[in-house]
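Visitor: one predicted model, sequence on top.
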2 protein chains.
Amino acid sequence: MGTGHGCGELYPELDTPALVVDVDVMEGNLAAMAEGARRRGVALRPHIKTHKSPWIAHRQLAHGAVGVTAAKLGEAQVMADAGITDILVAYPIVGELKLRRLEALLDMARVTVALDSLEAAEPLSRLGRRRGEPIPVYMEVDTGLRRLGVPPASPEALDLARKLAALPGLRLAGITTHGGHVARARTYQELARLARAQAEALVATADMLRRAGLPVDQVSTGSTPAARFELEVDGITEIRPGTYVFYDANCVAQGVVPPERCAARIVATVVSRPAPDRAVIDAGSKTISPEAREDGSYGIVVGRPDLILNRLSEEHGIIELHPAARGSGGAIADLAVGHRLAIIPNHICPCVNLSDVLYAARGGRILWEIPVAARGARR
Amino acid sequence: MGTGHGCGELYPELDTPALVVDVDVMEGNLAAMAEGARRRGVALRPHIKTHKSPWIAHRQLAHGAVGVTAAKLGEAQVMADAGITDILVAYPIVGELKLRRLEALLDMARVTVALDSLEAAEPLSRLGRRRGEPIPVYMEVDTGLRRLGVPPASPEALDLARKLAALPGLRLAGITTHGGHVARARTYQELARLARAQAEALVATADMLRRAGLPVDQVSTGSTPAARFELEVDGITEIRPGTYVFYDANCVAQGVVPPERCAARIVATVVSRPAPDRAVIDAGSKTISPEAREDGSYGIVVGRPDLILNRLSEEHGIIELHPAARGSGGAIADLAVGHRLAIIPNHICPCVNLSDVLYAARGGRILWEIPVAARGARR
C-alpha cells in the first residue's frame, strides 16, 4: 500500500473517501493470530464486527477459526446466510421479537448466546425446551470493563451459574469476558498486566464454578490487544479477537503492532487549503469514527508524522501541522487541492460500519469490492 | 410520542434499537421554519443531510423551500433521483471522477456548487464552457468555524471573487457560510451574539464585493441554532438549516427548542442490569453517534432527568444515575431487563446516517418506514 507521499497518486481509479484493505497484510494478520492460538491449543473464534463481511469470515475459518463471534443477531444472521454454522452471539437476546429471530437462526446454525442475567436466560430456556434441544449459553463475567457481566469469582457468579445450569432447555457451555478496559493502558507493560489480569480473573471464575460441580467447558476471552497475553494464561480455551484482521491506530499507539500491520486505510482527497497551516480532506465523521486519542488525533496520516488529523465534521477532516513539527520549519504546502492521503483510523470497527464496501487491494491496485454485508446490523 | 415511563411499552411492534420520527412534531418544525423565512422574505433551502430522505425533502418543498442543500454529490444524486431539481452541493467538487458525476447530475437538476479556491473552480469552468451553460457557484466564507472559506470582507475574499467572476463557464451566484461554531455558545445570549455576528460578517463580505462591482445575488447562511438570528440580519437572502427538521439534544441544551420539539428519538431496550446503579441498553455508538456533551452525556433519556447515558460502546449504552440525582434517593431499580427507553441524541444527523430506515410514527404508533436513501452517500 502506498504511503501517501512521494510515490504517485493513491488509487487514482477510486473515488474518495474510500476504505481500502490490503489483502496481503490482512492475510498475514489472520495467519499470525491463527498460528498463535494453534500453538497454545486454544480455539480462535474471531469477532466479525470488525469486518462484517462473509468473505473475510470465510478467510478466518480457512485459517483455522472454529467459528465466529457476532455482536448482535443481525450480524449472526448475515454470517449464517453465508453458510457459517457455528456462531456465538455475544449479546443477551431480550424481547419477543428477538427470540423469534433467534429461533429462525437456530434452524440454520449452532448458536451460542452470551448473557448475564436470569431474566435473559429464562425465555431462552423456554425456547430450548420447546425445540427439544438445549441452547448453549456463555455466562458473561465483568473482568474490569464495567459493562455487562457478573463479578469474577464472586458469590453472584456462582449463584447465577447454578441457576443457569439448573434451567432446562439451556446448557451452560462456558463463561466469557470482554476485556475492553485494557484499551486504557498507557504503556505496553500496563497493557500486558491488565490483559493477563482479566484472563486470570476469568480462569479463577471457571475454577470456582468447577469446584462447585458446575460444567465450564469454554473459558472465552475477547480482545485484540489482549490476545497475545490471554494466550499465555493457562485455562483460557478460546479467544475472540476482532480488530486483529485489520488492526488500527489504537493498536499502534498501544505497541501491539507497527503501522505496517494495519491492513485497512481511509483514502481521502484534499478539497481545500483555506489557510497555510490547514488542509481539509473529504473524509469526516461519516468516514472516520469521531473517537479522538488524547493528543486530539483521529488517526495516523500515513507517512506524514508531521501532520495531525485533529478535527472532524461530518464530511470534513481538518489536517494541521503536528505540534511537534511546528517549530521545526514543517509545512503542509505540498498538500495541494486534489492531493490524496491515507489515514489509519483510531478505531477501525465503526469505520467499517460506516462503509458500504471495502476495497480489496494488492500492490497498490484495487482488486474488487468486498460488501460490508452486516453493516448497520445493530439488532 | 411516549415519554418512556409509566405509560406502557414504547412501540412494542418495533424491534430495537430503532430511530423513530414523530411526523406531527416534524411537520410542526417544518412549518415553523418555513413561516419564519417567508415572513422575512428569505429563501429557505434546507440541508437534507439531517434526514437524507426524499420523502422528507419533498415535505420541505411542500412547506415552501426553494430547493435543497446537499453535503456531497452522492446526496445530491439521491435527491435528483427523487425528482428534486434545484440543489446546492455545499462542497468543493475535486477530482476527475467527481467532475464526471457532476456532469451527469447537471442533466437532471440545476446544481449550484460551493467552493473556496481557484483550484476547485477551474475544472468547473472548463466543464461549464464545454456544456455551453455556466455553472453557478457560491464562494464560501469562513465566518468563524475555521473549516473552509476565505476570511470575511478580506482582500483574499475580494481577490477570489474577482477571479471566480472572471472565469468563463462559471457564474458567481452568491456567497455562503456555515456558522457551525455557534455550537460553542454556552448561553442563549452567546448563541444569539455569535449567530448574528457570522451573518453580519457574510453580509459585510457581500457589500464589499458589490462595491467592487461584483454580482452577489445570494447571501446564504446555514445553521439550525443560528437560523432565527440570521433571519433578523438584513442582507441575508437564504438560510440552509438542516437539523430543524428533527432538532436534537444539542439544540435543547442551547435553548433553541424544548425537548418536545425533538421529532426523532432512539428507542432502546434494557438488556442487562449488571449492577444496582447501572443499566445497559441495546443502543451503542452504532446507533447513537459518540459525541458527548461536556457533562459526559450522549443524549437526553426522555422523561428521566434522574438518569444519564454516559458511556457508549458499539452495541451498548450505559445508563447510570445522574450525579444530581445520586444523593436524593434516586434509583434505577425500575429499569428491568426488557424495559424500553427513548433517547434524544445530542447530534441527530450522524444518528440518521447510522440508520437504514426511520420509523414514522403518529400518536405512539408506527405508520411506515422512511428509507434513509442517502445514508452513507459520503462521496
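Guide: Now that the structure is in, tell me what you want to look at.

Visitor: just the pLDDT for the nearest residue to residue A:63 once chain neighbours are set aside.
Guide: Spatial nearest neighbour of residue A:63, chain neighbours left out: residue A:34 (4.0 Å); criterion: C-beta to C-beta, 6 or more residues apart in numbering or on different chains. Where C-beta positions appear, they are placed from N, C-alpha and C, glycine not excepted. Residue A:34 is assigned a pLDDT of 98 by the prediction.

Visitor: residue A:34 should be in a strand, yeah?
Guide: No: judged by DSSP: H, G, I helix; E, B strand; the rest coil, residue A:34 forms no part of a strand; its state is helix.

Visitor: just say helix, strand or coil for the closest residue to chain B within the stretch 1-150 of chain A.
Guide: For the stretch 1-150 of chain A, the residue closest to chain B is residue A:119, as judged by C-beta to the nearest C-beta, at 3.8 Å. Counting by three-state DSSP, the backbone at residue A:119 sits in helix.

Visitor: which residues touch it?
Guide: Contact analysis of residue A:119 by C-beta atoms under 8 Å, 6 or more residues apart in numbering or on different chains lists A:94, B:273, B:336, B:337, B:338.

Visitor: from these, which land in strands?
Guide: Residues of the contacts of residue A:119 located in strands (DSSP state E): residue B:273.

Visitor: hmm, which two among the contacts of residue A:119 are most spread apart?
Guide: The largest separation in the contacts of residue A:119, counting by C-beta to C-beta, is between A:94 and B:273 at 11.1 Å.

Visitor: overlap in contacts of those two?
Guide: A:119, B:337.

Visitor: that older thread, can you redo the contacts of residue A:119 as CSV with pLDDT and neighbour count?
Guide: Formatted as CSV, the contacts of residue A:119 follow (pLDDT from 0 to 100; neighbours: other C-beta atoms under 10 Å in any protein chain shown):
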residue, pLDDT, neighbour count
A:94, 98, 22
B:273, 97, 20
B:336, 95, 12
B:337, 97, 21
B:338, 97, 15
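
Visitor: tell me the one of the contacts of residue A:119 nearest residue B:318?
Guide: For the contacts of residue A:119, the nearest to residue B:318 is residue B:273 (11.5 Å; C-beta to C-beta).

Visitor: surely the closest one touches residue B:335?
Guide: Yes: Residue B:273 is within contact range of residue B:335, at 6.7 Å (criterion: C-beta atoms under 8 Å).

Visitor: need the overlap of contacts for these two.
Guide: residue B:279.

Visitor: other residues contacting stretch A:246-258?
Guide: By C-beta under 8 Å, 6+ apart, the list of residues contacting stretch A:246-258 reads A:21, A:26, A:29, A:50-51, A:183, A:185, A:187-188, A:191, A:224-225, A:243, A:259, A:261-264, A:293, A:297, A:299-300, A:344-348, A:352.

Visitor: out of those residues, list just those in helices.
Guide: Judged by DSSP state H, helices contain the following of those: A:26, A:29, A:188, A:191, A:224, A:225, A:348, A:352.

Visitor: for ChimeraX, write the select line for the buried members of the residues you listed.
Guide: Selection of the buried residues among the ones in helices among the contacts of stretch A:246-258 in ChimeraX, burial being defined by 16 or more other C-beta atoms under 10 Å in any protein chain shown:
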select /A:26,29,191,224,225,348,352
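
Visitor: what comes up buried for the helix-or-strand element of chain A with minimal mean pLDDT?
Guide: Across the helices and strands of chain A, mean pLDDT, DSSP states H and E gives its lowest value to helix A:323-326, namely a mean of 82. Within helix A:323-326, the residues that count as buried by 16+ other C-beta under 10 Å are residue A:325.

Visitor: residues making contact with that helix?
Guide: Contacts for helix A:323-326 (C-beta under 8 Å, 6+ apart): A:305, A:306, A:307, A:308.

Visitor: one more pass at 10 Å, please.
Guide: Residues from elsewhere that reach helix A:323-326 (C-beta atoms under 10 Å, 6 or more residues apart in numbering or on different chains): A:277, A:295-296, A:304-308, A:310, A:320, A:330-332.

Visitor: and those, which are buried?
Guide: A:304, A:306, A:307, A:308, A:310, A:320, A:330, A:332.

Visitor: for the stretch 51-200 of chain A, which residues are neighbours of chain B?
Guide: Residues of the stretch 51-200 of chain A lying near chain B by C-beta under 10 Å from any C-beta of the partner chain: A:71-75, A:90-98, A:100-101, A:115-120, A:122-123, A:140, A:142, A:145-151, A:156, A:178, A:180.

Visitor: got the ones in helices among the contacts of stretch A:246-258 as a markdown table, with pLDDT and distance to residue B:66 columns?
Guide: Formatted as a markdown table, these follow (pLDDT from 0 to 100; distance: C-beta to C-beta, whole Å):
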| residue | pLDDT | distance to residue B:66 |
| --- | --- | --- |
| A:26 | 98 | 48 |
| A:29 | 98 | 52 |
| A:188 | 97 | 58 |
| A:191 | 98 | 56 |
| A:224 | 98 | 50 |
| A:225 | 98 | 52 |
| A:348 | 98 | 41 |
| A:352 | 98 | 38 |
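
Visitor: of the ones in helices among the contacts of stretch A:246-258, closest to chain B?
Guide: Within the ones in helices among the contacts of stretch A:246-258, the smallest distance to chain B is 10.7 Å, found for residue A:352 (C-beta to the nearest C-beta).

Visitor: residues contacting that closest one?
Guide: A:19, A:21, A:49-53, A:56, A:245-246, A:264, A:289, A:345, A:358, A:370, A:372, A:374-375.

Visitor: go again with 6 Å.
Guide: Listed by C-beta atoms under 6 Å, 6 or more residues apart in numbering or on different chains, the contact set of residue A:352 reads A:52, A:372.

Visitor: which residues touch stretch A:369-379?
Guide: With C-beta under 6 Å, 6+ apart, stretch A:369-379 has contacts from A:52-55, A:72, A:74-75, A:78, A:352-353, A:355, A:357-358, A:360, B:15, B:286-287, B:356.
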